[in-house]
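Undergrad: Predicted model and sequence below, questions to follow.
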Amino acid sequence: QQQQHQQLPHPKYHGDSSFPDYAAAPRGPGSALRQLLSLPSTKLYGFLILMGALVALLDTALDIVTAAMLSLRQVLVGASDLTGVALLLSILYTVVVLGLAVHFTPIVSHRAPGSGVPQLKAVLSGADVDDFFTFRTFVAKGLGNVVARGSGMFIGKEGPFIHLSAALAHLLLDYIPQFRELKDNHVFLEKINFAAAGVGVSSAFRAPFGGLLFSVEVTSVSYLVSSYWSNYAAAAAAAIVAFLVLSREDYRWWPTDFVDSSFNKAELAVFLAIGVCGGVLGAGYIRLLERAVQIRDRVAKHLPARIANPLVMGSLLATVTACVIFFVGTPLQVPFRSSVGDLFCTCDPSTLSVWGQDYFHVTLVLYAITIYLVSVLCTILPISAGNFVPVFAVGAALGRLVGEGMAEWFPNAGVEPGAYAVVFGAAIVAGLTRTISVAVIVFESTTQLAYSVPIILAVGVAIVVANQLADSIYDSLLHIQQMPTLPALATTGAAGLLARDVMQTNVVCVPRHCSVNMLATAIHHQQPDMPVVVVDTLATRRVLGTLEMEQVVRFCAQVAFHGDPLRVGVSVDLHNQLSISKGRGHYLPARVKTFLAQREQQRIPRELYFGRSGSTSPGPAETPDGNGGMEAGAARGRAVRTVSSPNGRIPINVQSTTTIRRPPRSRYPQQQQQQ
């Protein structure tokens, strides 16, 4: 067969009609363009550009609806000159709208509440999160976030919008036939998920490069460098579409007019202290959130369900928040974009429409405390809520307060209070998320690099301080929601460890050829959730693979109660000598299992597994099974038949009278079909 394989004609140089003549194919501009458009990489980038454009349009539409709802709230509150009536209308509006979000979001989809970033991180780590990219989740996430923000509560959109972008990408893959093949390629699918996270941040803050870096830092455990280009294509498309749709004033998220000479080198000490405070406040936010979750669970356990209902808790929170908002005034009634943007200005705050009040410093303190506490309580409600923008607003208010104090204490130093608001906002968000991409997002959203050195300094210090106090907000939410993920392992003290220092030596294992009694003994001594390790012999203990406990229990039950369950007409000796191995690929991700199964179907029939040809010593030949694992075959020249039992597949060594050899793989599909 090898000699015949070498004598086969090459399609490029021979005119055999059974092979395609590539040399005779038309080579024109039209055919070259069609071939270029049919390439999978071309479809991938076309899909990413389309996704980025749609995400930008979706962000614009949701912001318009949210602003309209907040304007409606101000109109209702200002409809009456009586303070009591206005307060009652404010409470009624907030309770009704927030109650709608609390009731609507979890009913439509149980994956819609929360940020969405921790779940996406779990997905990219290899976990299977059900109903995370469905149409119901997409609708519940988008409308739930809009309604929750429109109620006047202090909720961000960064995390939910990342989830929205990823869900939109999967919906496009499902409903557009031209892109369905991208979903079958797991490398492309992973690139699309990374790009969706980046484009979500890019659209939310008009920061394409910051969104790209944010997706790398937050959602990925390991990152393919080739994903940078795909991530950039989607983020750039979103930025360009947003620039074309919006005006220049609306496109610039928080415009500033700082100059390079507006701070002195001596102020770096103050910015260093701001970084420390930002790290402490960011870690304190996480600790407060964890404590709030514990109290919520304790209340739900000890109080009746009618009182501990999320709708009741949300109504109480909305009532208290509405009262605080009403008495504090305009800064808490307008969107974050307006209130925070005014804190960055270089003018006198008394001239601002939002903050132009007599007690400016007191208002700043009340603004920061209210948002800090209410944002934590909103996170534990079953609504679509983010934390990035509210925490940034807290830092901006405190930074403006520090800047105003510095300007009063050093009137001749040329202190810019608005710049302190920018630096403090970046520092506290860095302490919350543990990402240096926050600095890039601030650079792009403020269109300023004048304070790049203070921002970089404060962000780095905040991350170092917060790492000593708590996990990041996303890791904490992963732990609270009990989502599976690959944690970041600490390297301190691990440099001198060897593999034997962390291995378990008392592993329950069975030899490849064993009896049912040995399997029953292994079941008795092994933990319920642990697999049974299969070795070649108990003397050498060379691992061949693992067996799921459920499969072993099922097989032993069949033998005990139904005699021989295999019913194949092959005599088995009295000791039930079996060769059970399910092995090395048992814990491979689902995409690797699918690939191995598809490749095996193309190579040889599933019911035959062949031994290693040319082996010098009789050993097990490992070939992929249908479940993505590895089944141990017979020695060379012997076939192993996989037979089906009523409740599972158990491979058995059957010494055949003939030797089965695998034909060489052909480079041409037609020749492979003939063989």
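TA: It's in. Residues are numbered from 1 along each chain as shown.
Undergrad: burial of Arg291, as a residue count?
TA: For Arg291, the count of nearby residues is 11 (other Cβ atoms under 10 Å). For every residue, glycine as well, the C-beta is placed using N, CA and C.
Undergrad: Same question for Val270.
TA: Per other Cβ under 10 Å, the neighbour tally for Val270 reads 18.
Undergrad: Now for Tyr251: which residues touch it?
TA: In this structure, Tyr251 makes contact with Arg206, Ala242, Phe243, judged by Cβ atoms under 8 Å, 6 or more residues apart in numbering.
Undergrad: Gln482 now?
TA: Gln482 neighbours (Cβ under 8 Å, 6+ apart): none.
Undergrad: what about it, distance to Val465?
TA: According to Cβ to Cβ, to the nearest Å, Gln482 and Val465 sit 28 Å apart.
Undergrad: Then Thr370?
TA: Applying Cβ to Cβ, the value for Thr370 to Val465 is 24 Å.
Undergrad: quick one on the thing from earlier: so which of the contacts of Tyr251 wins on neighbours?
TA: Using other Cβ under 10 Å as the neighbour criterion, Arg206 leads the contacts of Tyr251 with 25 neighbours.
Undergrad: surely that one meets Ser445?
TA: Yes - with contact defined as Cβ atoms under 8 Å, Arg206 and Ser445 form a contacting pair (6.1 Å).
Undergrad: Now do the shared contacts for the two.
TA: Common neighbours of Arg206 and Ser445, counting by Cβ under 8 Å, 6+ apart, are Trp253.
Undergrad: residues in contact with the closest residue to Val508 other than its chain neighbours?
TA: Once flanking residues are discounted, Val508 sits nearest to Gln526: 4.3 Å by Cβ to Cβ, 6 or more residues apart in numbering. By Cβ under 8 Å, 6+ apart, the residues touching Gln526 are Val508, Val532, Met549.
Undergrad: Among the residues you listed, which lie within strands?
TA: Among the contacts of Gln526, the residues falling in strands (DSSP state E) are Val532.
Undergrad: Below-threshold pLDDT in this structure: ranges please.
TA: Applying pLDDT under 70 to the chain flags the ranges 1-39, 220-222, 261, 349-353, 356-358, 485-495, 516, 528-529, 551, 554-675.
Undergrad: where do the strands sit along it?
TA: For the chain, applying DSSP E gives strands covering 509-511, 513-514, 532-535, 543-547, 578-579, 608-609, 622-624, 630-632, 640-645, 648-653.
Undergrad: What residues sit buried inside the fourth one?
TA: In this case it means strand 543-547. Residues of strand 543-547 classed as buried under the neighbour-count rule (16 or more other Cβ atoms under 10 Å) are Leu544, Gly545, Thr546, Leu547.
Undergrad: what helices or strands is it leaning on?
TA: Contact here means 3 or more Cβ pairs under 8 Å, 6 or more residues apart in numbering; DSSP states H and E; on that basis strand 543-547 packs against strand 532-535, strand 630-632.
Undergrad: Am I right that Val391 is in contact with Ala430?
TA: No - contact criterion Cβ under 8 Å: Val391 and Ala430 do not qualify, at 10.1 Å.
Undergrad: of the two, who's got more company?
TA: Ranked by neighbour count (other Cβ under 10 Å), Val391 and Ala430 place Ala430 first, with 30 against 27.
Undergrad: Enumerate every residue touching that one.
TA: Gly278, Gly279, Gly282, Ile436, Val438, Ala439, Ala458, Val459, Gly460, Ala462, Ile463, Ala466.
Undergrad: try 10 Å
TA: Going by Cβ atoms under 10 Å, 6 or more residues apart in numbering, Ala430 touches 275, 278-279, 282, 395, 436-439, 442, 455, 458-466.
Undergrad: Please list the members of those that lie in helices.
TA: Those of those mapping onto helices are 275, 278-279, 282, 395, 437-439, 442, 455, 458-466, per DSSP state H.
Undergrad: Stretch 307-320: which residues count as buried?
TA: Ala308, Pro310, Leu311, Met313, Gly314, Ser315, Leu317, Ala318, Val320.
Undergrad: With distance to Arg337 as extra columns, can I get those residues in JSON lines?
TA: Below are the buried residues of stretch 307-320 laid out as JSON lines (distance: Cβ to Cβ, whole Å):
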{"residue": "Ala308", "distance to Arg337": "35"}
{"residue": "Pro310", "distance to Arg337": "28"}
{"residue": "Leu311", "distance to Arg337": "29"}
{"residue": "Met313", "distance to Arg337": "28"}
{"residue": "Gly314", "distance to Arg337": "25"}
{"residue": "Ser315", "distance to Arg337": "27"}
{"residue": "Leu317", "distance to Arg337": "23"}
{"residue": "Ala318", "distance to Arg337": "22"}
{"residue": "Val320", "distance to Arg337": "25"}
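Undergrad: For Glu416, state which of these is nearest.
TA: Nearest to Glu416 among those: Val320, at 35.7 Å, using Cβ to Cβ.
Undergrad: surely Ile383 meets Gly114?
TA: Yes - using Cβ atoms under 10 Å, Ile383 makes contact with Gly114 at a distance of 8.3 Å.
Undergrad: which of those two has more neighbours?
TA: Between Ile383 and Gly114, counted using other Cβ under 10 Å, Ile383 has the larger neighbour count: 29 against 24.
Undergrad: Next, the more buried one: phi, psi?
TA: When read as degrees, to the nearest 10, the backbone of Ile383 gives phi -130, psi 170.
Undergrad: Could I get the contacting residues of it?
TA: Per Cβ under 10 Å, 6+ apart, neighbours of Ile383: 98, 100-106, 112-114, 144-145, 147-149, 151, 153, 155, 160, 310, 314.
Undergrad: coming back round to it: and the ones in helices among the contacts of Ala430, which are buried?
TA: Buried members of the ones in helices among the contacts of Ala430, counted by 16+ other Cβ under 10 Å: 275, 278-279, 282, 395, 437-439, 442, 455, 458-463, 465-466.
Undergrad: This completes my enquiry, with thanks.
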